[in-house]
Every structure is written in structure tokens, then in C-alpha cells.
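1. sequence first, predicted coordinates after that:
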Protein chains: 4
Amino acid sequence: MASRKPVRIALVGAGRISAHHATAIAHDLHTAELVAVVDPRIDAATALADDLGARAEADAESVLEDPGVDAIVVTTPAALHHDLIIAAAEAGKHVFAEKPITTELAEADGCVAATARAGVVLQVGFNRRFAPGFVAARRAVDDGRVGTPQLLRSLTRDPGPYGGEPERTPLWTIFLETLIHDFDTLRFLNPGSEVTEVTAHADALIRPDAREAGFLDTSVVHLRFDNGAFATAEASFSATYGYDVRGEVFGNGGMAVAGSSRTSDMEYYGPAGVSYDTSRADTDLLHGAYVAEFAAFVEAVSGAAPAIPTGEDGVKALEIARAAILSVQQSRTVRLEEVAR
Amino acid sequence: MASRKPVRIALVGAGRISAHHATAIAHDLHTAELVAVVDPRIDAATALADDLGARAEADAESVLEDPGVDAIVVTTPAALHHDLIIAAAEAGKHVFAEKPITTELAEADGCVAATARAGVVLQVGFNRRFAPGFVAARRAVDDGRVGTPQLLRSLTRDPGPYGGEPERTPLWTIFLETLIHDFDTLRFLNPGSEVTEVTAHADALIRPDAREAGFLDTSVVHLRFDNGAFATAEASFSATYGYDVRGEVFGNGGMAVAGSSRTSDMEYYGPAGVSYDTSRADTDLLHGAYVAEFAAFVEAVSGAAPAIPTGEDGVKALEIARAAILSVQQSRTVRLEEVAR
Amino acid sequence: MASRKPVRIALVGAGRISAHHATAIAHDLHTAELVAVVDPRIDAATALADDLGARAEADAESVLEDPGVDAIVVTTPAALHHDLIIAAAEAGKHVFAEKPITTELAEADGCVAATARAGVVLQVGFNRRFAPGFVAARRAVDDGRVGTPQLLRSLTRDPGPYGGEPERTPLWTIFLETLIHDFDTLRFLNPGSEVTEVTAHADALIRPDAREAGFLDTSVVHLRFDNGAFATAEASFSATYGYDVRGEVFGNGGMAVAGSSRTSDMEYYGPAGVSYDTSRADTDLLHGAYVAEFAAFVEAVSGAAPAIPTGEDGVKALEIARAAILSVQQSRTVRLEEVAR
Amino acid sequence: MASRKPVRIALVGAGRISAHHATAIAHDLHTAELVAVVDPRIDAATALADDLGARAEADAESVLEDPGVDAIVVTTPAALHHDLIIAAAEAGKHVFAEKPITTELAEADGCVAATARAGVVLQVGFNRRFAPGFVAARRAVDDGRVGTPQLLRSLTRDPGPYGGEPERTPLWTIFLETLIHDFDTLRFLNPGSEVTEVTAHADALIRPDAREAGFLDTSVVHLRFDNGAFATAEASFSATYGYDVRGEVFGNGGMAVAGSSRTSDMEYYGPAGVSYDTSRADTDLLHGAYVAEFAAFVEAVSGAAPAIPTGEDGVKALEIARAAILSVQQSRTVRLEEVAR
């Protein structure tokens, strides 16, 4: 038996994460082929595509019309996700969308409906679901060792020092782009249960000068689940020690803890004690998880497996993020059903 | 130079923790002498005292009147703390009070005032301040390695399975007896800063049958500090893996993480992977911290060092606990100045 | 600029490790193409090749004559390495040989000479040089943090229970196939220095019934280096907890410790304490290292980097293994120059 | 029931370790009383004794004749152990002797015989038997989880930089004073089995200038046990990262690993990665083990428990040390029965 025909993928977007994803698809996935890189900044698209043996396009239409493209991977700014996903669905292309699925709930619902209608796969880029430690933590829940989850925690800290530009950062980025990972992780570690209430706290502690403009760089969000579990999601835009992604699920059977910034199993013992290195970049720490999520997407496109996390998972995480934003705006606990569409 | 005259201590209370403390004072502290154990249940007092070469008393008056007693250690139920501390102060005895200092704020203020007036030491039993990992974490804050704290966490999980009796447990025990440790720990790890706001969430997840009676066994409390830091305190009455006490302080310089349930540095590698043992009891895990806090008390009584944590620290933690209770009662964020006296 | 033309590889051998390697080359290396799998057991070759889109061949001649093959990867039994490497060199093919390079020193010398003469790459499969922890340990040596190495350790324990067949295992396998890894690792962690003396101890502790037939399953080897360092290499054919590969280098500046059997960063806390999973197979634990060594080989073939570990490294490790065998045979310390060619 | 009468102890010796031990006995052992400190350097004895409420004596006779002394703790240079132990036995005093029991085997035998004849306790100061990690490792052997030991390791590295004076260090100190701990540990972790063969390697790597004078500061010793197990003992006089004491026992059931230089459970995460502190001194790292061995001694003196490690354990470890010395002198493997008395 010969091996399966590779899934032909066009990647839309040519920013930092796009370069990583394009390379991962082209180099690390034997089940996929990168056929095109799309970006209106055609020079960026060309530079990336050339290196990877793909073609460059300035706009998405050309790949959506191309019968030689099976699926698109959406890595554009989030504001552009909706239109791309709808267009892809209408063109019969499968879609892998980086998180968040969209920034508006009604749009997210629309994406789910459109892809369902078109019968194409819609998978959302919650990569932690593919990181070995988080997978093992979920397994400990599934096999009963954790019991019923009662207390959960998920956190994301970006590697510092923070070098972003607050004035160019969309409002609510910490919820829509960063904590959205944690909201999904908490749902992942408490399967079968949904969030009912959100109480969010946030401030500009790293860049207090940007606080008045509405910039938020540090946040703690309290969630309540319908099985009674309490959860805490935490985020910071600047951790001096690198990229920090951790999860914890505690139940009446036990606890699973996942996530480490450690780069290898080497420990150095010297005059200052013992030390080990930490990872400076998500694309280093989670490279394997990124590859695994693309491999899962290809499996889903091939019909060999369901697409998980689904568009619905993307919607659920966005609902929590939207509730968190409302909670900050109104300084109160928000019930999930209050979130407007 | 001969060694200093030992501080003569009477321990009031003969419950579980009393036995541990009496033994620690009698056996592990060369700078102190246990002269009496006081408990109205005279048989319990006698059993404990006899073993330790001390005398037993049915009520505290006799030791407060005894010029051969320098100090008392209060390990009675919290409701009795106030009257004992006031009486001790009036008798000129130094006081080490187990946490919480009292359960009512006005009473706590009274204790601080009375001991100040009498010129006697008042130290509160926040033992984590003496656990090596927490001490080292605080040192990392003090020496600037953590920078300005931005995100903190402290948790307490009692060893399970839970075998308590909800109907005999005073209301709000999880805040007044358990999380009070975490409230102090968070202040300890964010020195020079005070809590301004409290948002508490709690439920009976371990014993849902007792929920209606007001019993709470699981809680997450969100705190805001006046230096902007966010903090989370978490508690559960039942961890299958033993006694779990941890702290984390993250700042713009780095992070210090403290606390482990591990009993020794032995790791066993076998067919089921690698494993190590965890501690079933606070008196095992924190025995050294208990001894160290008594040693510090003795130093304070001898005038060699200030009593830390002070009565004021006891008041501050109680204020936070009271705010948490109000927050649960009213399902809202409570500012610390709202807490009535 | 288009990406480089992939290196076209034929893999010779179709045993357990061959399947892993063939798949790694075909799927995980974008810089290489697996064009053929060669094995006299043509069914095994075909099964493997078909899955990977390669062709199957019964003997190596056909691929050595094929101008469409740039390099061969040798994963046959060690006894066949020499003839294959010589033939490949004569055919102008680059060679990646699994360890040991050969089992006889004179043959190993011949391989090095032939490939040098032919100007082709000869790289030996010491995969630990590509495992992140070992790489980081070596870096700690190179950057001076370890100082001059004084005490080293390297060990290999195969996952148990041992299911091999002693009667079908070549004599001295523990030295030639297992400890050869550790001999190379010790040289890797003590760069610029060479072994001068070997004292080996070995026995059949797992299968004492096979001792009389000369089977050895457990060994400790003491090495002396010309910079004065002492080293210990240890091996066992059966570790109940999985595949165990570790290294330690201690010097006058500090110590680096590498290697862990751990499968992920998840820790489970339950009634029996804390536990984490260990790896059952070298191909799991070291998969990334295998891919990295093939990637390095492809770089070397492309002329972009030197081939490391070299054929000479293969010879050096074999010299130590041969000295260890002589040491066991004669129950004495053996100087490396005593090893006959 | 009143508590037991304390065991009255005179400590002989007033060097570095003596001060630690005297203080531990006086302060940390409620079951013992330090009555005297003996040292011909009377000023040192007085300084130590005064602080601890004991009396100072210039020679041992006075305490051996004193009916108010139950036991002596011998912390003099090893060359003086024999005469002191014999005299103590004849005076009917129990003896705790720091390791090594003596430096000559015939003398060690004499000590065992004399104390047996006198019916007094003789315990040897192998403190690792009381360190929690090593205790837990032994428990894993005793309860069958390790199975039959096959490979063992024990190491000792003194905190550096080395500040000793080679010219004032007795020959063979690394075996008689340092590795003697490891020899005992290996016997402790392989209970019921005895060493049959010793192959020792040693050199002056830290102070090569002192090599010619016979000074040895680094050593690796290979041991064979009569149950087939192989063991490695390693020592260095200078570890930049502090005091390093570890043990490992691997068997057909699993492996137990013990020992860590870590000072607390705090981990610091900063720009240079993660780090934790290590211990600079044996008296810090093993303080609890020292106290526990004295407590065990007091129990043995009180007749409540056997004295373990016994004088015989002291003899066994010394036999191994003597075999190691012979092995170095003659550059060959030495069978234990070759060791002359």
C-alpha cells in the first residue's frame, strides 16, 4: 500500500507565527504539502514561500479558487479571520484557524455554521491540547485518577522583557489573544463541563504608562464551571525567565500538573547552586505541539479523525473571553449567558 | 559565658496541634522549658504534661498567676483566644497565639492594644514564614531578584480523605482557619504592600450534602494589593496526596516558587514510572517551621529580636478573611475598608 | 532562492531500528528523501518501503550502483557493516553507519581509510550527541562552566523485562552494542582527551542461567582519561522502569547532569504520592535525537558541515570496547595501546 | 508516667565537627544531656562547654571515672579512637564513635571485642543511614520494590574550593575518612550481602602538586558484592556547588535514588533560567541525620533499641577501605580476605 496523498495547504498570513507554521507544515509534516503562502505584503510572502518551495500570492482569492489547494491555514490578524473562514467554506476548503477563531461572537457562530454547511473541517489553533504534558494531564482526568475536577489553574506568560507597542495593540488583546489559550485549556482539563461565570481582573502593570489608553498586560480571571469546579486563568505579557505555560487540575481523586519552561533535562551545578535553562519562545517550547496540531488537522481533512479542537471549542473560549472583557468593563461577575451576540 | 535562662512556657489547649506544640517546645527547643499544659479536659492535659515533665492545669488562671511562667502559647479553639490573650497581657505574660489571632476584628484590635500596653510580646502562628522554601522566596523578593511583585499565589490543601464533621465545624472555617495562612503568606511575599480588595468564591464540593447548612470546603479568593499586584489564595479540605502548601510570587524581575509536599529526596523508579512520597500531615511537613517559630518567639521574649509575625500581622490577615466572608455573603468584590469592626 | 535538493538515501537493513530510521528519514527530514529500503528478507523491505513511498531491494548492490542514491544508512547487524561501508565508499556513496562502526578494529580502520580515500562522508550513529540534555552538558564543558573534567559517568539501561535470547546474542554484545554508546558519550563530555586505561567488570545477573555460555547482561567499566579524569560506564539489559540513558560530568568548575527517562512534564499527585511516566523505548525517548543526527548527516553530505561523530569517533569507541572485553577476559586493567588490530 | 532520665554524655574532641555534635546533643536531643566537653586544648573545650552549660576537661580520664557520665561521643582524630574506645569500654561507658571506628583493622576488632565484653553500646557515626532519602531508599529495598540489587552507586563530594592542607592530611584520608561513608552506604543499600572484591582508582586532581607526597583527592572505587551486585563509590574533595552526597540502588524490581544538595524547595526563575540553592556544609545538609543518629544512640544506651550501625559495621567499612588502599598501592583488584589484620 502506498502512502496517502498529502493534503495541499495554503497558508494565509506572513507574520512571525506564519513563518513558523509555514516551515512546520513544509518540513515537519510528511502528510501535508505547503503549496502557497498568501499575504498582501507580497515581499514577505515571497521570501517565506521561496524558502519552502511554495508559491506566493498577494490575496487569498487565488488560493481559494485553486483546485490544487485542499485546505487553508489562517494566521492573519484575528480581525480578518471571519471573512477568510467564510470564503474558504464557500470555496469548499478546509480551515485551520489560529486562535482566536474570531474576535466577535456572532462572527464566530457564522464561521461554525458556514463550515458545517459546507461540510469542511474547521479546527482552531489551541496548541496546548497537543503538548505532551497537557495531553497526559487530560488523560489523568479521563482515566479517573483526578476524579471530579474541583480546582483548576492555567497560565500564560509571554517571554520578557516586553517589547510590544501598547498603542498598536488592539484593546482586550490579553483576553482575546493570550488568555483565550487558558480558557480553552481549562475546558480541556474539565471535560464535559462548561463555564457559567467569569470574574476578571486586569491592569497595566508592565506598562502603567499605557493604562489610560486602555492597555492591559496582566490579568487574573476567575471562572466557575457547571460541575462546581473553580478555575483561575492568569496572564502576563512579560516573564523574565521566558515563555511560561502551565496547567493544574485538582479533583477528589488527585491532581495533575503540566507545563514547564525547561529546554532540556540538563542541570548545571556550580558555585551559584543548580540551574537549568528555560525557553524564550513559544515556537521553541511548543514546536512539537504545533506540528502535532497540524498533523491532527491533516488527519481530520483526510477524514481519518474528527477535528479537535473544533470551531465550537473556538466559540466557547471566545464566549469566556467576551465575558471576561465585560467583567472588567463593569467590575463585576458576569454570567456567560449575558454575553451578547 | 553560661547559656541564657530558658523561657518558661505554659501551653493552653490540649487538642491535636497542642500535643505537637507541647512536644516541640519540650523536646526541640533548648531555649525554652515547658512548665505546664492547661486544658479544662484535665485528663488530656495530664496525659500530655506527664510525658513531657510538665504539670497539668485545668484552667489558665493558675499559670497566669504563676511567676514561674514567662509566656503562654495559645492553642485553644479560636473563639477563646481573645479572653486568654487579654488576661495574659494583664498578667504580664508574653503570648504566642495560634492563628487566627481571634475570629472578630474588634477583639483582635483589643489583643494588640492590650499586649502593647503591657509591653509583652504577641506573636501569631503563621508557620509558613518559617518554612525554608517560603523564607527563601521572601529573600528573593527582598534582594530584588523578583522585582516588584505582580502576580502571587498561595494555597493550602489539607490531607484527605476529609474526615471532619461539617455540622461541628464553625461557619467560615475555611477563611478563618485555613486561608488565613494564605492571606498572611501573600502579605509576606509582597512586603510593604497591603490588600485593598477581596473577591471570594467558595462552595461545598467535598461535602455537598453540607452546603445548605453553610459549610464550605473549597475556595478561591482573589486579592488586589495597593502596589497593583494580583493574588490568588486557594484552599481545599481534602487532597488525596497529602498536605499541600505552596506559594508563588512573580514580578518584573523573576519568580520564586516555594512549597512541596515531598517527604524526602528519594525517588523510586519502577514499572509504573517514577514516584516519590508526600506528606500526610502538617505537623510532619512543617515540623521544622513550627520549631523555628517557637524559637523566634523565645528570642522575642528574651528581647533579642522583634516578634514576627506580629499581632498586627494577625489583624491584617483577619481583615482579609473577614472581607472574604463578606464577599461570599454578598457575592461581590469587597474593599478592605468596608470590613466592620 | 529555492530550497536545496534533498539528499537521496537508501536504508540498508529492515530490523526494528531500521523501521524507525526509515520512517524518520521519510517523514521527519525535509532535507532528505528515502528512495530505497534494502534487506535480503525482501518481504520486510517491501512492507517498510511501500509505506514510505520508497522502493524495496533484496541486496545493496542495486542501490550502490544507482546514481539516484546519494547516501546509504547502514542498520544491518554489525557484522555486515564493514563490507557495506567499503562497498559504499567504492561506489562513492556517503555512509551513515549505526553503532558500532564495525566489531573488529582493523575493519573499522579500513572503513575510515576507504571513506577518506573516496572523499565520502562517514558518520556513526551515536545518537546521544544529539539529545538536547547531552548537547547542553557538552556546551557547559565547552563554555568553561564545568572546568576540567575530573569525574564522569554514563549509563545505558534497556527497558525491561529483558526479553532477549541469550543464546542468539553475539558474545560481548553489552560492550559492542550497548556500552559503546557510553564510551562515546564519555569522550563527548571530556573533549580533547582520550581514554588510556580500561577496567571492566561484567556478569549475567539478569539471566544467570546463560552465564556459562558467556552471556553478559550487566556491566560496570572504569575508564581513565589522559587528562586525569576518571569515568564510569554502566549498563544493564533490563530496567523495569524503561529506557534509562544518563550522563554526568564533574569538573573543577562545576557539574552537568543530563538524561531523563521522563516522557512529559506532567506530574500526577495521588494517594500513593507523586508520579510521572517513563519511556519504554529508545525510539520514543530519543526520537528527536535520531532525527537530529540524520539532519546533521544530510548537512554533512551537502557539504554544509562536518560529519560528527566521525568514523574516527567510531574507531575510538570500539577501541575502548575492545579493551573492556580484554579486561574481562583477563580480569585486569588494560591499557588502550594493548588492544590488537 | 514521667519522661525517661536523660542519657548523660561527655563529648571527647573539640574540632569543627565536635562543636556541631556538642551543640546538637545539648540543644536538639531532649533525651540526652551534655555534661562535659573534653579536649587537651582546654581553651577550645571551655569555649564550647560554657556555651552549652557543660563542664570542660583536658583529658578523658576524668569523664571516664565520673559516674555521672553514661556515655561518650568520640570526635577526636581517628588515630586516637582505639585507645579511647577501649578505655571507655573498661570504664563501662557506652560509646558513639565518629567514623572511621579506627584506622587499623586489628584495633577496630579490639574495640568491638572490648565493648562486647563490657556489655556497652558501640555505635559508629555513619550519618547517611539516618538521612531521610537514604532511609527511604533502604525501605524500598526492604519492601521488595528494588528487588535484588544489581548496580549501586554512592558518592561524596566535599564543598569546594578545597582549602585543606595536603601536607597535614594523613595518607589515605580519602578512603579512611571520606569513602568510608560510601562503603557503609553501599552495604546499607544492599543488606544481607557483603563486599568480596575491591578495585580502587585515585589521584590528586585538585592538588596535583601534592601527588608526589602521596596525597589523593579524587577517587573511584569499584566493589563487587557476594550477591553479584556491582557498586561504584566516588569521592572528590572539592565540589564548587557544595556538599554532594548521593546514593543509587538498581535491582531487578526497580531503582531508588537518594540524596540532594538542595537547601529548600524554593526555585527561582529569572533571566538566566531556573535555579535553586545548594548546601555548603555537611553539618547543614545532614544536621537532621546527625541528630537522628544521636537519638538512636540514646535509644540504644537506654536499651530500647539495638545500636545501628554497629561496631561490626564500622569494621566492615574499614575492611573495604583497607582493601581499596591495597588496591591503589598494588594497582590491582583486591579480594577482601587479603586484607591483613
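-> Sure thing, it's come through. Since the model is a prediction, treat every value here as computed from it, not as a measurement.
2. low-confidence ranges, chain A, go.
-> Where chain A drops to pLDDT under 70, the residues are A:1-4.
3. biggest helix in it, by residue count?
-> With secondary structure taken from DSSP state H, chain A has its longest helix at helix A:311-330.
4. can you list the buried residues in it?
-> Neighbour-count burial for helix A:311-330, counted by 16 or more other C-beta atoms under 10 Å in any protein chain shown, picks out A:311-328. Every residue, glycine included, has its C-beta placed from N, CA and C.
5. swap in stretch A:117-126?
-> Here stretch A:117-126 shows A:A118, A:V120, A:V121, A:L122, A:Q123, A:V124, A:G125, A:F126 as buried, counting by 16+ other C-beta under 10 Å.
6. so which of those comes closest to A:A24?
-> Closest approach to A:A24 among the buried residues of stretch A:117-126 (C-beta to C-beta): A:G125, at 11.8 Å.
7. do I have it right that that closest one meets A:V95?
-> No. Contact criterion C-beta atoms under 8 Å: A:G125 and A:V95 do not qualify, at 10.8 Å.
8. A:G160 against A:T218, yeah?
-> No. Judged on C-beta under 8 Å, A:G160 makes no contact with A:T218 at a distance of 11.7 Å.
9. residues shared between the contacts of these two?
-> Counting by C-beta atoms under 8 Å, 6 or more residues apart in numbering or on different chains, the common neighbours of A:G160 and A:T218 are A:I206, A:F237.
10. comparing these two, which residue is more hemmed in?
-> When A:G160 and A:T218 are compared for neighbours, A:T218 comes out ahead with 25 against 20, by other C-beta atoms under 10 Å in any protein chain shown.
11. mind listing what that one touches?
-> A:T218 is in contact with A:I174, A:A202, A:D203, A:A204, A:L205, A:I206, A:A235, A:S236, A:F237, B:Q150, B:L151, B:F230, counting by C-beta under 8 Å, 6+ apart.
12. following the one helix or strand the second one maps to, which helix or strand shows up next?
-> A:A202 belongs to strand A:195-203 when elements are defined using DSSP states H and E. Along the chain past strand A:195-203, the next helix or strand (assigned with DSSP H and E) turns out to be strand A:218-225.
13. partner strands of that following strand and their direction?
-> Applying DSSP bridges, strand A:218-225 is found paired with strand A:195-203 (antiparallel), strand A:230-239 (antiparallel).
14. pick the most buried one from those strands.
-> strand A:230-239 (a mean of 26; mean count of other C-beta atoms under 10 Å in any protein chain shown).
15. report the angle between the axes of that strand and helix A:311-330?
-> 80 degrees (axes from the mean of the first three to the mean of the last three C-alpha atoms, to 10 degrees).
16. what's whichever helix or strand comes after strand A:230-239 in contact with?
-> Per DSSP H and E, strand A:230-239 leads on to strand A:244-251 as the next helix or strand towards the C-terminus. By C-beta under 8 Å, 6+ apart, the residues outside strand A:244-251 that reach it are A:128, A:131, A:133-134, A:137, A:140-141, A:146-157, A:181, A:185-186, A:189-190, A:255-261, A:278, A:282, A:285-286, B:157, B:236, B:239, D:269.
17. restricted to helices, list those.
-> Those of these lying in helices (DSSP H): A:G133, A:F134, A:A137, A:A140, A:V141, A:H181, A:T185, A:L186, A:D282, A:L285.
18. I'd assumed A:Y243 was in contact with the last one.
-> Yes. Using C-beta under 8 Å, A:L285 and A:Y243 qualify as a contacting pair, with a distance of 5.1 Å.
19. near chain C, which residues of chain A are found?
-> By C-beta under 8 Å from any C-beta of the partner chain, the residues of chain A that approach chain C are A:1-3, A:26-28, A:30, A:50-53, A:132-137, A:140, A:145, A:253-260, A:262-271, A:277.
20. distance of A:I9 relative to B:L105?
-> A:I9 is 64 Å from B:L105, where distance means C-beta to C-beta, to the nearest Å.
21. of those two, who's got more company?
-> A:I9 (30 against 17).
22. the more buried one contacts A:A22, correct?
-> No. Assessed by C-beta under 8 Å, A:I9 is found out of contact with A:A22, at 9.0 Å.
23. hey, what's in contact with both of those two?
-> Contacts common to A:I9 and A:A22, judged by C-beta under 8 Å, 6+ apart, are A:L34.
24. find the nearest non-adjacent residue to the residue most central in space within chain A, please.
-> Geometric centre of chain A, nearest residue: A:F126, 3.4 Å, by C-alpha atoms, centre = their mean. Among residues not flanking A:F126 along the chain, A:D184 sits closest, at 4.3 Å (C-beta to C-beta, 6 or more residues apart in numbering or on different chains).
25. residue contacts, the one you found?
-> Counted by C-beta under 8 Å, 6+ apart, A:D184 has contacts A:K99, A:V124, A:F126, A:R128, A:R129, A:P309, A:D313, A:K316, A:A317.
26. ok, which pair from those residues is furthest apart?
-> Taking C-beta to C-beta, no two of the contacts of A:D184 sit farther apart than A:R128 and A:K316, at 15.0 Å.
27. what parts of the stretch 1-150 of chain A come near chain B?
-> A:G147, A:T148, A:Q150.
28. which ones among these map onto strands?
-> Per DSSP state E, strands hold the following members of the residues of the stretch 1-150 of chain A next to chain B: A:Q150.
29. tell me the one of the residues of the stretch 1-150 of chain A next to chain B nearest chain C?
-> Nearest to chain C among the residues of the stretch 1-150 of chain A next to chain B: A:G147, at 9.4 Å, using C-beta to the nearest C-beta.
30. so what's the residue count around the spatially closest residue to that closest one that is not a sequence neighbour?
-> Leaving aside its chain neighbours, A:G147 sits nearest to A:G253 (2.7 Å; criterion: C-beta to C-beta, 6+ apart). Applying other C-beta under 10 Å, we find 23 residues neighbouring A:G253.
31. next: A:P208.
-> Neighbours around A:P208, by other C-beta under 10 Å: 12.
32. would you mind measuring from it to B:P191?
-> Between A:P208 and B:P191 the distance is 20 Å, computed by C-beta to C-beta.
33. still on that earlier bit, most surrounded residue in the residues of the stretch 1-150 of chain A next to chain B?
-> That'd be A:Q150 among the residues of the stretch 1-150 of chain A next to chain B, by other C-beta under 10 Å, with 27 neighbours.
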